[in-house]
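Colleague: Make a model of this:
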Amino acid sequence: MARTDATDTTHSPRHPFAVAAVVSAIATFLLAWPALGGAFLVNPNSDQYIAGYSFREFAARSLREGNGFPLWNPFQFGGMPYVAAMHGDIFYPTFLLRMVLPTDVAMTWGFIVHMVLAGLFTFGFLRAAGVRFQAACIGAVAYLLSGAMASYASPGHDGKLFVSSLLPAALWALTLGMRDGRRAAWGALAVVVGLAVLSPHPQLLQYMLLISGAYALWLALKPQAVITDSGPVADPAPRFPRLLLALGAVVLGGIMGAVQYLPVREYVSWSPRAGGKGYDYATSFSFPLEETINMYLPQFSGILDNYWGRNGIHFHSEYVGASVLVLALLAFGGGVLNRHRAHAWFWLGTLIVSLLWAWGGNTPFYHLVYAVVPGSKFFRAPSTILYVSAFAFSVLAAFGAERALAGKATTRYAIGWSVFALLVAVLASTGGLTNFAMSLLGEARGDAILANANDVVIGAWRSALAVVATLALLFGLSRGKLTASLGGWLLVGIVALDLWSIERLYWRFSAPASQLYAEDDVIRYLQKLDEPGRVIALPLGDNMAPHDPFLMGDALMHHGVRGVLGYHGNELGRFQELYAKNEGYQSVANPNFWSLTNARFFYTNTPGLPFPGSRLVAGPVRNAAGTMTYLYELPGDHPAAWVTPMKVKLDDPTTKATLLNPNFDVRRVAIFDTAAAIESQPVNSPLPEPVTFRVQVDRYDAGAIDLTLEGPAPAGSALVVSENFYPGWQATVDGKATPTNRADFTLIGVELPAGAKKVQLRFDSAPYHTGQLLTLFALGGAVLWWIIGAVLDRRGRV
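Modeller: Below is the predicted model of the structure:
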């Protein structure tokens with residue numbers, strides 16, 4: 001089947017990058033076309049639907065109003081630092097889109113732009129690695145439409161997409177810098193790394209840096225393996241010193257992330273993940289070994305709601321593409337005549353390691369990762385490294401496509417793939433794959449496996465069709481029935497359609513945010529409160545719209561309503577302990593918890609509340625998600641701040657137990673942290689009666705609280721504010737600076753002098769301001785390095 005005569009694969013258009021950009025855009029809009037009509041790229045399973053939109057709209061509104069980036073989020077979990085606790089792409093350039101476009105439009109188009117960039121950067125890397133134009137286009141489409149990349153839209157993981165799209169850009173810069181000695185490459189690499197740091201997704205950043213480091217070292221050891229269009233580079237210049245330049249660029253890029261990660265570093269000890277959560281946590285959501293079949297047959301373990309596998313949920317795709325696999329394996333034939341054979345071995349090794357990593361706790365390999373790789377104890381879901389596997393497959397597919405376009409595919413190769421595709425299809429059709437699944441999880445998930453059986457059969461024949469279509473093109477190329485140019489574009493089309501036929505299922509659009517999060521009578525009631533009050537939003541039954549963002553997420557935040565709970569995952573650790581997350585939220589029913597958290601209302605989907613004295617104040621009303629909802633006022637008085645006539649110090653376990661004891665009155669004594677610099681009374685002192693006056697709230701904004709005591713503070717008293725304490729809260733009492741301390745386990749406490757009347761609280765973050773300066777310095781340095789390098793490159797290479 002292989003041709004022996006030459007086939008011209010070297011042709012390239014006059015503006016190859018412009019054509020590659022168009023190809024990447026067309027491939028992206030196979031999935032993204034509803035955005036042209038204003039649709040919002042979210043679905044009920046998306047983190048963006050549940051929480052991400054509210055996070056971003058909060059910051060966008062602050063920026064549009066000229067208030068800068070917010071530093072405090074008062075709307076969730078008793079308040080938390082906005083930057084330090086991480087709320088998505090705060091400083092990543094996508095924030096600029098949100099300043100000029102509606103937030104939902106900006107989020108959707110930010111996703112689309114990065115899909116296109118993923119293709120364009122992959123094309124650039126492949127061209128720098130000597131891959132011919134059309135083969136590079138095939139590799140670009142294979143990556144941007146791969147399951148690992150395209151399915152990020154389903155769970156709304158834009159931070160992962162940002163890093164994944166930057167990986168080929170980093171490798172492109174390393175190729176130009178390590179192999180060619182291009183000075184501009186180091187500034188470009190620093191910018192790329194800095195952007196990845198600001199994404200901010202530290203786990204995928206870790207993978208990107210590991211792959212980039214391995215690639216740089218490999219280039220230093222085997223520079224001739226990565227060729228140019230004209231063949232291996234014959235450059236005697238030593239390359240190991242260039243590793244120092246690469247390291248310097250990475251360090252400079254890391255400093256670019258200081259505005260995000262200096263606050264995060266301070267937050268680590270306050271986070272619920274402080275110290276890590278152990279090996280079992282780190283290996284949760286590992287890639288099950290049997291689901292590796294999904295790379296060829298994506299329906300095997302069930303797509304989206306049809307999933308029957310070990311991980312419980314499965315909103316992403318591992319599909320590599322049957323057509324891509326056919327091309328990828330072709331990368332290794334041809335012996336010494338194969339231009340990319342040496343380079344292909346690196347990506348095969350990368351593929352093997354990334355798969356071992358993704359399998360996580362399912363093989364012993366991850367024990368080595370957990371023990372050796374810094375940061376692994378803080379992360380979970382090792383399967384997120386699969387974007388590296390997808391990239392490796394795409395690079396190999398580009399190498400294989402170049403050989404295919406040169407007519408190098410053999411008859412034996414075509415027969416082998418045909419037999420494999422037919423065998424899988426027959427196994428699926430006769431129930432073999434379903435029986436295999438039943439042998440693994442039939443006892444626990446048998447009904448779901450059987451319900452998915454027809455999809456497996458259809459999917460196996462669909463993959464077989466993709467294999468046959470690819471082989472037909474290879475046959476035409478090898479027999480001279482097709483020119484390399486026509487065959488190349490047909491291969492681009494087959495790869496795109498193959499991947500699109502699966503990944504389109506993961507691109508689910510919704511109505512604009514103005515409809516998804518529309519106001520209703522409950523929200524309007526809460527917006528008109530005379531005094532601040534938080535809402536416990538919690539479903540108490542199953543009669544609820546899927547993942548209702550009002551009851552299970554942060555939609556109330558969008559409307560300026562402060563919630564006791566919410567959807568985040570990195571809230572302050574002590575607050576998580578206080579509401580007893582790991583004990584089934586049992587504190588939520590405790591009246592003392594209501595008092596501590598300023599919880600005045602309970603928002604739910606059930607008529608009738610199991611708390612005596614509660615009363616319905618709004619609803620029933622069907623919210624924008626489609627759930628019938630009810631708002632109840634909780635019994636008792638739960639103000640936003642109060643004065644206690646007494647203050648003591650206790651350790652945390654005793655404090656928590658005391659506060660949640662129903663016989664304890666939180667208004668009579670404030671319990672401070674043992675490290676608090678206050679004058680406290682002995683613990684065994686008699687408890688005085690609560691003060692008779694209230695605390696009036698004059699202002700309650702994000703990071704700014706003004707209070708007026710309606711009576712003079714008695715000697716020895718303390719003010720407790722129902723907002724989480726965190727370093728950076730500063731107080732003035734009657735105009736005089738006064739320290740804040742942690743009181744009542746997690747709240748803000750202020751020691752009051754006798755007669756005090758007015759208290760102002762402001763939140764600021766010293767690490768943020770330091771980080772801001774470092775980020776600007778590093779960004780300026782990286783851009784300057786890039787520009788100066790480009791000028792020097794014009795005068796001659798290193």
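Colleague: Now for residue 431: which residues touch it?
Modeller: residue 453 (C-beta atoms under 8 Å, 6 or more residues apart in numbering). Heads up, the C-betas are built off the backbone N, CA and C, glycines and all.
Colleague: Check the secondary structure at the most far-flung residue of the chain relative to its centre for me.
Modeller: Relative to the centre of the chain, and counting by C-alpha atoms, centre = their mean, the farthest-placed residue is residue 686 at 51.5 Å. Following DSSP: H, G, I helix; E, B strand; the rest coil, the label given to residue 686 is coil.
Colleague: roughly how far apart are residue 780 and residue 770?
Modeller: Distance, residue 780 to residue 770, by C-beta to C-beta, to the nearest Å: 16 Å.
Colleague: between these two, who's got more neighbours?
Modeller: Between residue 780 and residue 770, counted using other C-beta atoms under 10 Å, residue 770 has the larger neighbour count: 14 against 11.
Colleague: need the helices for the stretch 351-500 of the chain, in chain order.
Modeller: 365-372, 386-405, 411-429, 432-451, 453-478, 484-503 (DSSP state H, counting those that start in this stretch).
Colleague: Take those helices and write them to a markdown table, including distance to residue 174 and mean neighbour count.
Modeller: A markdown table is the format used below for these (distance: least, C-beta to C-beta, whole Å; neighbours: other C-beta atoms under 10 Å):
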| stretch | distance to residue 174 | mean neighbour count |
| --- | --- | --- |
| helix 365-372 | 23 | 14 |
| helix 386-405 | 14 | 29 |
| helix 411-429 | 32 | 17 |
| helix 432-451 | 41 | 16 |
| helix 453-478 | 31 | 21 |
| helix 484-503 | 26 | 22 |
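Colleague: May I see the ones you listed arranged in TSV, with mean pLDDT as well?
Modeller: What follows is those, written out as TSV (pLDDT from 0 to 100):
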stretch	mean pLDDT
helix 365-372	95
helix 386-405	97
helix 411-429	97
helix 432-451	94
helix 453-478	97
helix 484-503	97
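Colleague: what's the closest of those helices to residue 626?
Modeller: helix 432-451 (25.3 Å; C-beta to C-beta).
Colleague: Low-confidence regions, the stretch 51-200 of the chain specifically.
Modeller: Counting by pLDDT under 70, not a single residue of the stretch 51-200 of the chain qualifies.
Colleague: For it, which segments count as helices?
Modeller: Counting by DSSP H, counting those that start in this stretch, the helices of the stretch 51-200 of the chain are 53-64, 94-100, 103-128, 133-144, 147-150, 158-174, 184-197.
Colleague: What lies in contact with the shortest one?
Modeller: The set of residues that contact helix 147-150 without belonging to it, under C-beta under 8 Å, 6+ apart, is 31, 115, 118, 143-144, 161, 164-165, 294-295, 298, 316-320, 386-387, 389-390, 499, 502-503, 506-507.
Colleague: switch the cut-off to 6 Å
Modeller: 118, 164, 317, 318, 319, 386, 387, 390, 503 (C-beta atoms under 6 Å, 6 or more residues apart in numbering).
Colleague: Okay, domains of the chain per the record?
Modeller: Annotated domains of the chain cover 16-506, 517-633, 641-764 [automatic domain parsing].
Colleague: buried stuff in the longest helix seen in the chain?
Modeller: Criterion DSSP state H: the longest helix present in the chain is helix 766-795. Within helix 766-795, the residues scored as buried using 16 or more other C-beta atoms under 10 Å are 767-768, 771-772, 774-775, 778-779, 782, 785-786, 789, 793.
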